[in-house]
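Trainee: my questions are about this predicted structure, shown below with the sequence.
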Amino acid sequence: MFDKYIIVEDTLRNVAVGGEVTGFQLGVRLPYYRGLGLSMVEDIEVTLDGVTAPAESVSLTLHGNRYRLTDLPGIFDDRWEMGEVATVFVSKAGGLSNGEHTVAVRERLRISYMPVPGGGADQKTLSLQGTPL
Amino acid sequence: MSTAHQIKRGVSFYSYQEECFLKKMSLEDCVREAAAIGAFGVEVIPEQSMTGYPNPGDGFYRQWDEWMEKYGTTTIATDLFIDTKRYPGRVMTLDEMTESVRRDLDIAKRLGARHVRAIINTPPEVMEACASYAEQLELTLLLEVHAPFHYEHPWILRHLDVMHRLQSPALGFMPDMGTFVERFPRVMSERALRDGARSRFVDLAVETYNNRGDVHGLMDTFNYMGGNPVELGIARLSTFLTWNDPRVMLEHMPFIHHIQAKFYEMTDDGVEYSIPYDKIIPVLVEGGYDGYLSSEYEGNRHIQDVSEVDSVDQVRRQHRMFERLLGEEPMFHTAAAVGAGAIAEGDSNVR
């Protein structure tokens, strides 16, 4: 229902640790009209320029806490609020080249009252922003 | 309408979800807007509007109380969910579900609510287990009757059994007026066309629905016609929409304490395109319904790809219609009327 708002414009950046670029990050939201506990976020699939990142390379930062995507099923004490922008980090040595990139994000949510899997998908062309964080 | 009635107007902040999601409206903006249109009973979804749910802190509740006082509004209802699939690989036990409902009843009480919406997947056993606690808190726990559910649906019949057996003043229904979709919502068929459905598929779905045809047969038909995913989607959507004679509510009126006034599109003519409120409200009056009509705008998701969503204007239009159907004097301007007034100042023909 809010698929088009999943990917937040102007948030794509490289991330550096000790001067070395280790990956990239972007801001994402849930496509849903209420917040959801993280154990019900089943997948956040990030595809960059046609290449889907392995789940093990993806992590999510919310309220200052960083979670590996593969750990989310066991997180029962944090909640992704409606409209809240979380940061998704994808580990990728060297990060992204300058310029525009096609970013696709597909989120799969376990919504208890719905007979079919919940979630949604978005795709946007984003320009890499400024200097690495 | 000249018949005396006690029906009141309210708004669920579900209606302003687009603006709240994008941070264009704050929670206080929602309260202020409700008061401005005379929708003095407000309905809130804690999991949507309360940052830090289920523990937003005392400050949140103090602030909420201050707003209710300042704007002259009351919390008429809250909406609860049960995350029965919270734990991977298993469904919550009935005890866990009961605990979840009790926690949300506590939240409703702190918000000063009277009614609590129990989501459609709430098991009848959980309603039964929570009835006396709700009574204690002077709350009602009301199962939503949301399309495609109806009063003869096996799931609803199980709930009716519990309600009739317990005769608890706390248990009842919260009908969603989306169960009375008389014609296929235009915002949905037009969206399907924009998303790539071909008109012969969309037309067939709309005609089948509008003529009370076999919507459950559409999926196979569309498959054989070579339907694409959007076309199959609209076949499925046709089975999620329902039309019932609103008089079906009369028999259950003793259990009905709150109404979610779902709508998809208020037209320039001041009517809902698909849900005939002019047929619904007289039934509520006849049944002696004395609760609130709580606006639930849900058109945003169908138009956000082509136009700016203006939930405030849509809700205002619905309340202008409610005023007319309830026999009230108009007490506010719709945005459209304000615009028209600005262009033709001095013209007395303001809607």
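Mentor: All right, it came through fine.

Trainee: make it CA atoms for all contacts and neighbour counts henceforth
Mentor: OK.

Trainee: now the helices for the stretch 101-250 of chain B?
Mentor: B:124-136, B:154-166, B:186-194, B:199-210, B:218-224, B:229-240 (DSSP state H, counting those that start in this stretch).

Trainee: so which of those gets nearest chain A?
Mentor: helix B:229-240 (11.4 Å; C-alpha to the nearest C-alpha).

Trainee: and that closest one, does that touch chain A?
Mentor: No: residues of helix B:229-240 are not located near chain A by C-alpha under 8 Å from any C-alpha of the partner chain, the shortest gap being 11.4 Å.

Trainee: got a list of contacts for that helix?
Mentor: B:147-148, B:184, B:189, B:192, B:195-198, B:201-202, B:205-206, B:209, B:215-216, B:218-219, B:222-223 (C-alpha atoms under 8 Å, 6 or more residues apart in numbering or on different chains).

Trainee: for PyMOL, write the select line for the buried members of the residues you listed.
Mentor: Applied in PyMOL, the following selects the buried portion of those according to 16 or more other C-alpha atoms under 10 Å in any protein chain shown:
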select buried, chain B and resi 147+184+189+192+197+201+202+205+206+209+215+218+219+222
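
Trainee: give me the domain ranges for chain B.
Mentor: The record's domain parsing of chain B by automatic domain parsing lists B:8-183+B:242-343, B:186-240.

Trainee: tell me the most buried of these?
Mentor: Of all those, domain B:8-183+B:242-343 carries the top mean neighbour count, a mean of 19, counting by mean count of other C-alpha atoms under 10 Å in any protein chain shown.

Trainee: so is it next to chain A?
Mentor: Yes: contact of domain B:8-183+B:242-343 with chain A (C-alpha under 8 Å from any C-alpha) involves B:14, B:17, B:20-23, B:47-49, B:51-52, B:82-88, B:119-121, B:301, B:305.

Trainee: hmm, back to that, using JSON lines, lay out the helices of the stretch 101-250 of chain B together with mean pLDDT and distance to residue A:104.
Mentor: Conversion of these to JSON lines gives the following (pLDDT from 0 to 100; distance: least, C-alpha to C-alpha, whole Å):
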{"stretch": "helix B:124-136", "mean pLDDT": "98", "distance to residue A:104": "41"}
{"stretch": "helix B:154-166", "mean pLDDT": "97", "distance to residue A:104": "39"}
{"stretch": "helix B:186-194", "mean pLDDT": "98", "distance to residue A:104": "21"}
{"stretch": "helix B:199-210", "mean pLDDT": "98", "distance to residue A:104": "28"}
{"stretch": "helix B:218-224", "mean pLDDT": "97", "distance to residue A:104": "29"}
{"stretch": "helix B:229-240", "mean pLDDT": "96", "distance to residue A:104": "19"}
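
Trainee: right, and the ones you listed - which one's nearest residue A:79?
Mentor: With C-alpha to C-alpha, the closest approach to residue A:79 among the helices of the stretch 101-250 of chain B belongs to helix B:124-136: 24.4 Å.

Trainee: tell me what angle the closest one forms with helix B:154-166.
Mentor: Relative orientation of helix B:124-136 and helix B:154-166, computed by axes from the mean of the first three to the mean of the last three C-alpha atoms, to 10 degrees: 40 degrees.

Trainee: what kind of secondary structure is the closest residue to chain A within the stretch 251-351 of chain B in?
Mentor: In the stretch 251-351 of chain B, the residue that lies nearest chain A is residue B:301 (5.2 Å; C-alpha to the nearest C-alpha). On the three-state scheme (DSSP: H, G, I helix; E, B strand; the rest coil), residue B:301 is labelled helix.

Trainee: hang on, it packs against residue A:5?
Mentor: No: with contact defined as C-alpha atoms under 8 Å, residue B:301 does not reach residue A:5; the gap is 11.3 Å.

Trainee: what's the helix or strand for residue B:61?
Mentor: Assigned by DSSP states H and E, residue B:61 belongs to helix B:58-71.

Trainee: list of residues touching that helix?
Mentor: B:28, B:31-32, B:35, B:50, B:73-75, B:110-111.

Trainee: following that helix, which helix or strand shows up next?
Mentor: strand B:74-80.

Trainee: send the alpha carbons of that following strand over as CSV?
Mentor: Output of strand B:74-80 as CSV, limited to C-alpha atoms (Å, rounded to 0.1, in the frame of the first residue of the first chain):
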residue,chain,number,x,y,z
THR,B,74,-13.0,12.1,23.1
THR,B,75,-11.3,8.8,22.3
ILE,B,76,-14.2,6.8,21.2
ALA,B,77,-12.2,3.7,20.0
THR,B,78,-8.9,2.1,19.6
ASP,B,79,-8.0,-0.7,17.1
LEU,B,80,-6.0,-3.8,18.3
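
Trainee: how about residues contacting it?
Mentor: B:40-47, B:68, B:101, B:104, B:108, B:111-119.

Trainee: what do you get if the cut-off is 6 Å, keeping everything else the same?
Mentor: Strand B:74-80 has contacts (C-alpha atoms under 6 Å, 6 or more residues apart in numbering or on different chains) with B:41-45, B:68, B:108, B:112-118.

Trainee: against residue B:62, how distant is the spatially most central residue of chain A?
Mentor: The centre of chain A sits closest to residue A:88, judged by C-alpha atoms, centre = their mean, with a distance of 3.6 Å. Residue A:88 is 35 Å from residue B:62, where distance means C-alpha to C-alpha, to the nearest Å.

Trainee: and for residue B:37?
Mentor: 24 Å.

Trainee: how about the strands in chain B?
Mentor: Listed in chain order, the strands of chain B (DSSP state E) span B:8-12, B:41-44, B:74-80, B:115-118, B:140-145, B:171-175, B:259-263, B:292-297.

Trainee: okay if I get those strands as JSON lines plus distance to residue A:26 and mean pLDDT?
Mentor: Formatted as JSON lines, the strands of chain B follow (distance: least, C-alpha to C-alpha, whole Å; pLDDT from 0 to 100):
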{"stretch": "strand B:8-12", "distance to residue A:26": "33", "mean pLDDT": "98"}
{"stretch": "strand B:41-44", "distance to residue A:26": "31", "mean pLDDT": "98"}
{"stretch": "strand B:74-80", "distance to residue A:26": "32", "mean pLDDT": "98"}
{"stretch": "strand B:115-118", "distance to residue A:26": "36", "mean pLDDT": "98"}
{"stretch": "strand B:140-145", "distance to residue A:26": "38", "mean pLDDT": "98"}
{"stretch": "strand B:171-175", "distance to residue A:26": "41", "mean pLDDT": "98"}
{"stretch": "strand B:259-263", "distance to residue A:26": "35", "mean pLDDT": "98"}
{"stretch": "strand B:292-297", "distance to residue A:26": "31", "mean pLDDT": "98"}
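
Trainee: this completes my enquiry, with thanks.
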